[in-house]
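Novice: one predicted model, sequence on top.
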Amino acid sequence: MAARIDHLVTSGTFSLDGGTWDVDNNVWIVGDDSEAVVIDAAHDADAIAEALGDRRLVAIVCTHAHDDHVDAAPALADRTGAPVLLHPADTELWRLTHPDRAPDGELADGQEITVAGTVLRVLHTPGHCRGAVSLYAPELGTVFTGDTLFAGGPGATGRSFSDFPTIVESIRAKLLTLPGETVVRTGHGDSTTIAAEAPQLDEWLRRGH
């Protein structure tokens, strides 16, 4: 059976720089009936485990280390035995949420994670934070962008560890070069496509932040 994409939305809070906001997060599960990868273990380890069922969890992949994307990762790892993977540039951000528990492994640009015969290619896409990554699955015609690219524009860059010119360059160099029909599955909100977002890049550059 070919890999499929399961989706659930979990709710909680995001806290950084002294503020806290209510958020709904997209959790993506890529796999088949026997094994899977979780992309962003947000808020609710029980709900994610229920969605996994009895499948073997190959890895918990963090698109970045903001607390709303990693708060349930250690609990899910303890429950399943799966490793938590994070780009090392986000280690400082991770420690704000989990000071006593390090990730189990590192993500690197160009790294490939295979699940259910399907390759997820790691693209380092900093800007929203330093260690932000996207995961491109060419066989599934999709890219998981975390908070780097949304329907309508780039992720926020107004807080610590973020930079607007960097996120625009990441989107230009790593994401807009993908096929236009590629479905963009985001960390929050609706999905979009590369073709739908590409025309807006010049506007983002003019607008600044």
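Specialist: Nice, thanks for sending it over.
Novice: the spatially closest residue to residue 198 that is not a sequence neighbour - how many residues pack around it?
Specialist: In space, residue 198 comes closest to residue 176 once its chain neighbours are excluded; the distance is 5.1 Å by CB to CB, 6 or more residues apart in numbering. (Glycine included, C-beta is placed from N, CA and C.) Neighbour count for residue 176, taken as other CB atoms under 10 Å: 18.
Novice: go on, residue 202?
Specialist: Number of residues near residue 202 (other CB under 10 Å) recorded here: 9.
Novice: which SSE is it in?
Specialist: Using DSSP states H and E, residue 202 sits in helix 201-207.
Novice: flag every buried residue along that helix.
Specialist: Burial within helix 201-207, assessed by neighbour count using 16 or more other CB atoms under 10 Å, is assigned to 201, 204.
Novice: elements contacting that helix?
Specialist: Helix 201-207 is packed against helix 164-170, with contacts defined by 3 or more CB pairs under 8 Å, 6 or more residues apart in numbering; DSSP states H and E.
Novice: chain center to the helix it packs on: distance?
Specialist: The chain centre lies 17 Å from the centre of helix 164-170; the measure is CA atoms, centre = their mean, to the nearest Å.
Novice: tell me the buried residues in it?
Specialist: Of the residues in helix 164-170, those buried under the neighbour-count criterion (16+ other CB under 10 Å) are 164, 166-168, 170.
Novice: picking that back up, starting at the chain centroid, how far to the helix holding residue 202?
Specialist: Distance of helix 201-207 from the chain centroid (CA atoms, centre = their mean) equals 24 Å.
Novice: give me the residues contacting it.
Specialist: Residues lying outside helix 201-207 but in contact with it, judged by CB atoms under 8 Å, 6 or more residues apart in numbering, are 153-154, 168, 171-172, 176.
Novice: any chance of those in JSON lines, plus distance to residue 22 and pLDDT?
Specialist: Rendered in JSON lines, the data for the contacts of helix 201-207 read as follows (distance: CB to CB, whole Å; pLDDT from 0 to 100):
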{"residue": "153", "distance to residue 22": "21", "pLDDT": "93"}
{"residue": "154", "distance to residue 22": "22", "pLDDT": "95"}
{"residue": "168", "distance to residue 22": "28", "pLDDT": "94"}
{"residue": "171", "distance to residue 22": "27", "pLDDT": "96"}
{"residue": "172", "distance to residue 22": "32", "pLDDT": "94"}
{"residue": "176", "distance to residue 22": "31", "pLDDT": "95"}
